[in-house]
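Novice: got a sequence here, can you build the structure:
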Amino acid sequence: MKSFMRLIGSLSYVWLVLSAISAVVAQLPSPVVDSAGAPLEAGVEYYINPAITDNGGRFTLIDRNGSCPFYVGQENVSGLEGFPVIFTPFLEGETVIRENRDFKVVFSAFTICVQSTAWKLGETDAESGRRLIVTGESQNQQRPTSNYFRIVKAEEGDNIYNISWCPTDVCPTCRFICGTAGGLVENGKRLLALDGSVLPVVFERKA
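Specialist: Down below sits the predicted model:
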């Protein structure tokens with residue numbers, strides 16, 4: 001009888017552990033998926049394309065004013081030009097990119113600038129009042145919130161997303177003026193900026 005009771009107790013404990021694990025897994029945000037329907041993987045190269053083909057081309061590095069740093073933007077037309085990016089989740093041990101979770105994104109490219117090609121929240125454009133996305137590392141290495149972005153599911157359709165800046169995983173107690181990224185055309189160049197029209201995107205794994 002005692003052995004039977006111990007068995008029941010052991011099975012109950014196992015059931016509780018499995019229930020707790022299932023609850024944790026259920027609370028995880030959904031993985032972001034690429035154009036083929038596969039989850040975005042950390043450390044893998046992807047192209048970022050506008051969801052609407054006549055809304056510019058792939059994401060790329062933009063020489064805005066003839067000096068460093070480069071800015072994040074788009075090719076003017078749809079095509080094979082542009083640079084892939086690599087995502088790194090903020091949470092250690094995470095192997096996929098999840099919706100509404102912070103990550104760092106870096107262009108897989110070389111430039112003449114000494115700065116990193118990591119995306120960073122940059123200055124506010126004086127004419128449009130919109131915050132630009134530049135490249136480089138945050139000056140605050142203890143809490144580099146300006147280098148972390150997140151992906152939010154768009155309403156337009158399957159596998160279509162918006163890119164936003166709201167790094168609450170990096171600093172849960174901070175108060176941010178969050179924003180969603182969209183295009184800003186300046187002198188014939190397409191820059192990526194917050195606080196304006198939104199640019200839905202899809203992710204294409206590099207072959």
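
Novice: okay, stretch 32-46 in PDB with CA atoms only?
Specialist: Taking only C-alpha atoms (Å, rounded to 0.1, in the frame of the first residue of the first chain), the coordinates of stretch 32-46 have been written out as PDB:
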ATOM      1  CA  VAL A  32       8.400  35.000 -36.600                       C
ATOM      2  CA  VAL A  33       8.300  33.100 -39.900                       C
ATOM      3  CA  ASP A  34      10.000  33.700 -43.200                       C
ATOM      4  CA  SER A  35       8.400  33.900 -46.600                       C
ATOM      5  CA  ALA A  36       8.500  30.000 -46.800                       C
ATOM      6  CA  GLY A  37       6.700  29.700 -43.500                       C
ATOM      7  CA  ALA A  38       9.800  28.500 -41.500                       C
ATOM      8  CA  PRO A  39      10.700  30.200 -38.200                       C
ATOM      9  CA  LEU A  40      13.400  32.900 -38.300                       C
ATOM     10  CA  GLU A  41      16.600  31.400 -36.800                       C
ATOM     11  CA  ALA A  42      19.300  33.300 -34.900                       C
ATOM     12  CA  GLY A  43      22.600  33.600 -36.700                       C
ATOM     13  CA  VAL A  44      21.100  32.900 -40.100                       C
ATOM     14  CA  GLU A  45      21.200  35.400 -43.000                       C
ATOM     15  CA  TYR A  46      17.900  36.900 -44.200                       C
END
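
Novice: residues of it that come out buried?
Specialist: By neighbour count, with 16 or more other CB atoms under 10 Å as the criterion, the buried positions of stretch 32-46 are 32, 33, 34, 35, 40, 41, 44, 45, 46. Placement of C-beta: from N, CA and C, glycine included.

Novice: quick one: the third one and residue 170, what's the gap?
Specialist: By that I understand residue 34. Using CB to CB, to the nearest Å, one obtains 25 Å as the distance from residue 34 to residue 170.

Novice: same question, the first one
Specialist: Between residue 32 and residue 170 the distance is 18 Å, computed by CB to CB.

Novice: swap in the last one?
Specialist: Noted for residue 46: a distance of 22 Å to residue 170, by CB to CB.

Novice: can you list the residue ranges for strands in this structure?
Specialist: Assigned by DSSP state E, the chain shows strands spanning 45-50, 59-62, 71-74, 85-89, 103-107, 119-124, 131-135, 148-153, 161-165, 179-180, 182-186, 189-193, 201-205.

Novice: packing partners of the fifth one?
Specialist: Of the remaining helices and strands, those touching strand 103-107 by 3 or more CB pairs under 8 Å, 6 or more residues apart in numbering; DSSP states H and E are strand 85-89, strand 119-124, strand 148-153.

Novice: closest to the centroid, which residue in the chain?
Specialist: Most central in the chain under CA atoms, centre = their mean is residue 150, positioned 4.1 Å from the mean C-alpha point.

Novice: could I get the contacting residues of that one?
Specialist: Remark: with contacts taken as CB atoms under 8 Å, 6 or more residues apart in numbering, residue 150 is in contact with 99, 100, 101, 102, 103, 163, 164, 165, 166, 167, 169.
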